[in-house]
Structures are given as structure tokens and as C-alpha cells.
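Asks: Mind folding the following:
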Amino acid sequence: MILRMFFAISLLAMATLPMAGFTQDRLTDRPRDFVELSKRLSPAVVNISTAQTIEITANRAFPKGSPLEKFNDFFGDGGDQNRIARSLGSGFVIDKAGYIVTNNHVIEGADEIEVAFPNGDSYEATLIGRDPSTDIALLKIEAGRDIPFVSFADANSAKVGEWVIAIGNPLGYSSSVAVGIVSARHRQMSMTNYDDFIQTDVAINKGNSGGPLFNMDGDVVGVNTAIVSPTGYSVGLSFSIPSDLASSVVDQLREYGETRRGFLGVRVQPVTKAIAKSYKLKIAHGALIRSVNEGSPAEKAGLKRGDLITALGGVKLEKSGKLARIIAEAKIDAPLKIDYIRRKKRKTVEVMIERLEEKVEKQGGKKSSDDDASATVSAMGITVEELTEKARSRMGLDDDIRGVRVTKISFRSRAQGKLRKGDIIMEVAQEQVENPADFIEKMKTAQENEDAILLLINRNGSPVFYSLEPDA
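Replies: As a prediction, this is how the structure comes out:
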């Protein structure tokens, strides 16, 4: 499983104690429920293994065609080689015809995908479609027979405090069952624009990615995706994509082989109590528009910066974070009624929702390690790449945003816990960064001054300053 976030936290020993109001019968019944559920659900949970070929170009002392090329063997040049990268994850069958759901990061870049069932049967899987934006992928196998499957639960069926069960392939141990409770709902982790995670205390580890999170009825309430841990192993902070989001993406992948999301064309920020008061709102809710994209449906409908959206389609907008998902799931090429406040006056407008242009690269093909190395540079444990037009389009960045994109943060870097993968570094020491080479030069100059280095970051459209101490 790919670990998306690491936090410095303390480990606390926890014990499960009987709670007031629980009878002995209630406590003794619960393990039998787990036994029955595990036996019924496990046949539909699969192990997913992938293989990806990576081309490795040897570093030759003498180039091809050189009169001294024959001496390359003397210097240990073994020639070009291929390396096979493998990964393990989990998935679950949602249809007797062989459709299987997993995480996108489990199968991304794979040349071969193999699905193994608890009974020992294994099949080569075909990728139907994938959605990096929500980390969901849909596979298909041809078993030649009906196979066990499970169903998605109704939206919002997982409530805080309820029992949940995870079945998967942690650390390669297939068909492992773990039990816990829902710790929280609607968690935002700044991983995508559609973050709405279920937090649990279920023991999720590497290899659980893409596996199901079940409720006590045996329905899938979530897709296990990420953990937060200082060690890389479970400390009781696990996160799952909720069933309503996962199922809507799966339906589109199954029908079209891709996702088709709605597009409004605004950037928003949360509504604080102070902002709500200035708009004459008794309770803070909605989303405040920070900018409107040129030529977007929002601009065509007359929405402007400073408008406070309070409802969509007649339904109250509780939090700004829900706007992106509501728009994404809105009907394309159809009007959507938006209620908003402008200069303390309530207004309503109908916006014709357009389709969000998204491009997902096709799977397969050999990946060159040299290409990766030449495309990225590092300084102080911060690895960055050029901010391409493709990346701009994918991230929805304005044309005036320049800089480099963070691809990796070294575990021992002073930037660990501050910067994140996907951040755009716009300035170093209040100097504009133009490209990776410029980033390296400015970081080098800043470290020579032996002062704290001020970085201006663009994260999900918002500017953030961070100060880093120079390396010794």
C-alpha cells in the first residue's frame, strides 16, 4: 500500500473496556457476528499483484561507436537492462460477471495485473478504467462462471462509533480480517479536490490498499486507501473512500471507461464566523468565491469574486469543501440553480454546468528510469519537477502561477511535515522560481546566506509561506 502521509505523533497504548449499558450477551454475540461475516465476505475479496517493466540504461564509460567501447566491460558496464517493479494490493468483486474495484495507485503504470482469490484461483485482469482524482480503478476478469461478490452500502450509512470490518492483503498476508469502529467522517487530507474520507481505527497496513471496509450488514461502506503513521505501519489512523463517492466513480468507469465530471469554474474558501457576520448570515456555511475562471460556466452566469454561495440545486451548502464534489456529480449540459449573497443581498442564478476536461494517461509501456532522473532535481531533500502545461491543466492552475512542482520529500528533510507532494514552490527567499534549475540555484544561494529560507507555496490554489532552516 502506498502511504500518502506521515505525521510526527506519539504512540498511546489503548485498551478496550466494557461500556456502561452493554450486557454480557451483547459482548459475547459480537465475535460470532464477525466469524459469520468473515466467512461470508472473504470469498469476494481478492489479492492484486502487478508487474511493471522499467528500462535501466547503463552508465557507459565510453559511448557506443567509440574505438574504446570494448573497454566498457572492464569498467563494469553490463549494458542496458530491464527491471521488473512489482506491487501488492487488495480489491473486491462487485458483480458476478467479474468486475473488481481497487485503488488507482495499486495498478497505476502496471503492464500486467493478476487477481488471486482465497481459494487459489487466479486470473489476468483487464483495466476497464481508472480515476487518479479519487484513487479508484475498475478491473474485469473472465472467470467463465459466476463468482462471489459484495455490494456497496447506501450513502452515509457508516456512522461514527459503528463497527466496521476490513478484509485484505496486509504485508502479503492474504484474507486477513481486522475490526474496529468508525472514528470520524468527512475527513479532508488535501490529497484530492474530492476528499471526504471515513476515518477508522481499523488496523490497515501496506497491501490493504483497494480493499473493502464493511459494515455489520456485510455491505461495503468504504475503500481502504491511506493511513497516517510515523512508522509506516498502522497506529489506528486509517482512511477510506466512502461508498457513495466510490460507487458513483465506478458506475462511470463501467459505462464510459472514464469519469465525466461537472465544471463550474470557481475557486472558493471556507466561510468563517467573521465572514458570515459580514454577509448577515446567522450561521457560517457555504463557500466564498475567491476567483472565477475566464470563460467558465460561472463567469457566463455572472458569478463574481466575493459572491458567497449558500445553496446548490435548492440544497443548503454546509461546507465549502463539499462544493467541488457536488459540482463534479452534477448533470452535465444541464442548468443548476445556485443561491448566493452579493453585497448582503440574496440572489439566485441558473448555471449551465459543463464537462470538466480531464486527461488520464493510458496504462502500459515501458518506463525509463533515465527519463525520471532527468525530469527531477533535488535540494535539501525536496525533489521537484517542471510545472508543465499538462500539470497546470490537471491541477487547475491559473496562467500567472509559476514555479516547480514537488514530487517527493525526503524523510529526513527539514521540509518533512511542512511541504507535501503536489505543492507548487513559487518563490525561494522571496525570489520567483522559474524552473527546476532555477530552484536549485536559488536554494543554493539561500543556504550560503545561512539564514532561514522562506518558501512561498501554492497548495490547492492557496498561497502558504514556510520557513526552513538551512542544512548544516
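
Asks: Going by C-alpha atoms from here, please, whenever you check contacts or count neighbours.
Replies: Fine.

Asks: which element follows the lowest-mean-pLDDT helix or strand in the chain toward the C-terminus?
Replies: Every helix and strand in the chain was compared by mean pLDDT, DSSP states H and E; the lowest is helix 369-375, with a mean of 41. If you walk from helix 369-375 toward the C-terminus, the next helix or strand you reach (DSSP states H and E) is strand 376-379.

Asks: Residues contacting that next one, please?
Replies: Here strand 376-379 makes contact (Cα atoms under 8 Å, 6 or more residues apart in numbering) with T383, V384, E385, E386, P436, A437, I440, M443, K444.

Asks: Just the ones in strands from those, please.
Replies: Using DSSP state E, T383, V384, E385, E386 are the members of the contacts of strand 376-379 that sit in strands.

Asks: Let's see if you can find the most crowded of those residues.
Replies: Greatest neighbour count in those, by other Cα atoms under 10 Å, goes to V384: 28 neighbours.

Asks: For that one, give the beta-bridge partners.
Replies: Beta bridges link V384 to V377, V406 when assigned by DSSP bridges.

Asks: And S240, by the same measure?
Replies: I198, N224.

Asks: list the contacts for it?
Replies: So S240 contacts F197, I198, Q199, L213, G222, V223, N224, T225, A226 (Cα under 8 Å, 6+ apart).

Asks: From D195, how far out is V266?
Replies: To D195, V266 is 17 Å away according to Cα to Cα, to the nearest Å.

Asks: Leaving out the residues flanking it, which one is nearest to L288?
Replies: Leaving out its chain neighbours, the residue that sits closest to L288 by Cα to Cα, 6 or more residues apart in numbering is L308, at 4.3 Å.

Asks: Just confirm that neighbour contacts H285, I think it does.
Replies: No - under the criterion of Cα atoms under 8 Å, L308 is not in contact with H285, lying 9.2 Å apart.

Asks: out of those two, which sits in the busier spot?
Replies: Taking neighbours as other Cα under 10 Å, L308 and H285 compare with L308 leading, 30 against 22.

Asks: dump the residue contacts of the more buried one.
Replies: Counted by Cα under 8 Å, 6+ apart, L308 has contacts G286, A287, L288, I289, Y340, I341, R342.

Asks: and it, how far is that from A298?
Replies: 13 Å.

Asks: got it, and R402?
Replies: Distance from R402 to A298, by Cα to Cα: 25 Å.

Asks: same deal with L288?
Replies: 13 Å.

Asks: next one: phi and psi at the closest residue to F117 other than its chain neighbours?
Replies: Spatial nearest neighbour of F117, chain neighbours left out: V46 (5.0 Å); criterion: Cα to Cα, 6+ apart. Main-chain dihedrals, V46, degrees, to the nearest 10: phi -120, psi 160.

Asks: I'd say V46 and E114 touch.
Replies: No - using Cα under 8 Å, V46 is not in contact with E114; the gap is 9.8 Å.

Asks: Comparing those two, which residue is more hemmed in?
Replies: V46 (31 against 18).

Asks: residue contacts, that one?
Replies: Counting by Cα under 8 Å, 6+ apart, V46 has contacts S90, G91, F92, V93, V115, A116, F117, P118, G168, S175.

Asks: The second one contacts I48, correct?
Replies: Right, the one you point to is G91. Yes - G91 is within contact range of I48, at 6.6 Å (criterion: Cα under 8 Å).

Asks: And the closest residue to K140 other than its chain neighbours, how far from F149?
Replies: Distances taken as Cα to Cα, 6+ apart place Y99 nearest to K140, at 4.6 Å, with adjacent residues excluded. Y99 is 9 Å from F149, where distance means Cα to Cα.

Asks: Output the contacts of V46 in a markdown table; the columns should cover distance to L281.
Replies: Output for these, formatted as a markdown table (distance: Cα to Cα, whole Å):
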| residue | distance to L281 |
| --- | --- |
| S90 | 46 |
| G91 | 45 |
| F92 | 45 |
| V93 | 47 |
| V115 | 53 |
| A116 | 55 |
| F117 | 55 |
| P118 | 56 |
| G168 | 47 |
| S175 | 51 |
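
Asks: Could you turn the buried ones of the residues you listed into a PyMOL selection?
Replies: One line in PyMOL is enough to select the buried ones among those; burial here means 16 or more other Cα atoms under 10 Å:
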select buried, resi 90+91+92+93+115+116+117+168+175
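
Asks: What about the contacts of V46, which are in strands?
Replies: Checking these against DSSP E, those in strands are S90, G91, F92, V93, V115, A116, G168.

Asks: Which strand residues bridge the first one?
Replies: Translated: S90. With DSSP bridges as the rule, S90 is bridged to N47.

Asks: ok now do it, which residues does it touch?
Replies: V45, V46, N47, I48, T102, G168, N169, G207, N208, S209, G210, G211.

Asks: between these, which has the most around it?
Replies: Using other Cα under 10 Å as the neighbour criterion, G210 leads these with 35 neighbours.

Asks: quick one: E354 and F263 touch, right?
Replies: Yes - E354 is within contact range of F263, at 5.2 Å (criterion: Cα under 8 Å).

Asks: joint contacts of those two?
Replies: P297.

Asks: show me where the stretch 201-350 of the chain has helices.
Replies: Using DSSP state H, counting those that start in this stretch, the helices of the stretch 201-350 of the chain run over 243-256, 273-278, 297-301, 323-328.

Asks: Is there a quick ChimeraX command that grabs whichever of the contacts of L308 are buried?
Replies: In ChimeraX, this line selects whichever of those come out buried by 16+ other Cα under 10 Å:
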select :286,287,288,289,340,341
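
Asks: From the contacts of L308, which land in strands?
Replies: Among the contacts of L308, the ones falling in strands (DSSP E) are A287, L288, I289, Y340, I341, R342.

Asks: Show me where the stretch 1-150 of the chain dips below the pLDDT cut-off.
Replies: Residue ranges of the stretch 1-150 of the chain with pLDDT under 70: 1-33, 52-86.

Asks: any chance you could map the helices in it?
Replies: So, for the stretch 1-150 of the chain - with DSSP H, counting those that start in this stretch - the helices run 24-41, 104-107.

Asks: I'd like to know which elements the shortest one is packed against.
Replies: Just to be clear, that refers to helix 104-107. Contacts defined by 3 or more Cα pairs under 8 Å, 6 or more residues apart in numbering; DSSP states H and E place helix 104-107 against strand 45-56, strand 81-93, strand 136-140.

Asks: Break this structure down into its structural domains.
Replies: 24-41+150-256, 48-140, 262-355, 367-468 (automatic domain parsing).

Asks: Let's see the distance spanning the second one from one end to the other.
Replies: When you say that, I think you mean domain 48-140. 12 Å.
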